[in-house]
Structure formats: C-alpha cells, structure tokens
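# sequence first, then the predicted structure:
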Amino acid sequence: MRNFVLTAVGMIALMGCEVGIGTYPATHPHYHGAPQIVNTFTYCAYDYGYADYVWDFDASVTHSYDSSRVAGVWVDVYEGPYLVHSEDLWLEQSDPYGNMSYWSGWAAEHRTYLYCDSHIQYTIETVAFDFDGNYAFAVDYLY
C-alpha cells in the first residue's frame, strides 16, 4: 500500500496538476495572519468603446488580521503550460468594516495573447499577498 501511495504522489507531481484554493504562509510567517481569496471572476466581452474584446479580472480578498494588510493582487493566465498574460490588479474598493478588499484589472485583447470566443482552455491563477510576504492563490479554468 505504501508503494502505491508513493507512486500515485509521484505521478501527480509529474503531471504538474494544480487545483484548489489555499492560503500559504511565507517562510517566516508573522502574527498578522494571511490574505484569503474569497472570490474571483474573469470574463471577456466586446467593448464598443474600444472596438475590441476586453478581458476583465476581479478578485475579492480578505485578510485574517485586516484587509488593509493586503499589499497586492495579480493574475497569471496560462494556455497549457505557457504563461500568455500577466496582469496586476488595482485596489478598486476597500471595506474596512467588512474586512474585504475588491481588486480589478482589464486588458484589451489586441495587447494580449488571449482570445475570446475561442476553444482554448485558459488557466487563471490569482495571487494575493500581504506586506509580511504571506500569500494565497486561487485557480480557475476558463473555456
């Protein structure tokens, strides 16, 4: 049984699968907790003002200590194993009473390697980090 488990873990590691939402402390975690990604949302739609397809990336992030401890959020978009786009999100709104921060970013399709209305599966990794080096990530799949 032990050999089976070790073989299964080794096969999964070789496949490079990464699924889930998690919070991971930095090498030296601090007493101020860690960020947590509550929700992510990615979509693409045609924008007549830009005469182009526009990609929108949104994330709702909280922190176990205080949402003002969240230093930044970004998304990496992969097509298979290849990184095709990376976008820093900006702080759109912060709700200190609800301990929530809302982050957003967008990109016109012509300046990316992303294509709306295609049959390409994209993997969107959203990463939130705090001032102490703690981070959380969420992985979404967009077809």
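Ah, there it is. Because the structure is predicted, anything quoted here is derived from the model rather than measured. Residues are numbered from 1 along each chain as shown.
# now do the contacts for the residue nearest the centre of the chain.
Residue closest to the average C-alpha location in the chain (C-alpha atoms, centre = their mean): Thr126, at 0.6 Å. Counting by C-beta atoms under 8 Å, 6 or more residues apart in numbering, Thr126 touches Ile37, Thr40, Phe57, Ala59, Val73, Trp74, Val75, Phe137, Ala138, Val139, Asp140. For glycine as for every other residue, the C-beta is placed from the backbone atoms N, C-alpha and C.
# go with 6 Å
Contact analysis of Thr126 by C-beta atoms under 6 Å, 6 or more residues apart in numbering lists Thr40, Ala59, Val75, Ala138.
# kindly indicate which of these lies nearest Trp103.
Ala59 (4.6 Å; C-beta to C-beta).
# doesn't Thr40 make contact with the closest one?
Yes - taking C-beta atoms under 6 Å as the definition, Ala59 is a contact partner of Thr40 at 5.0 Å.
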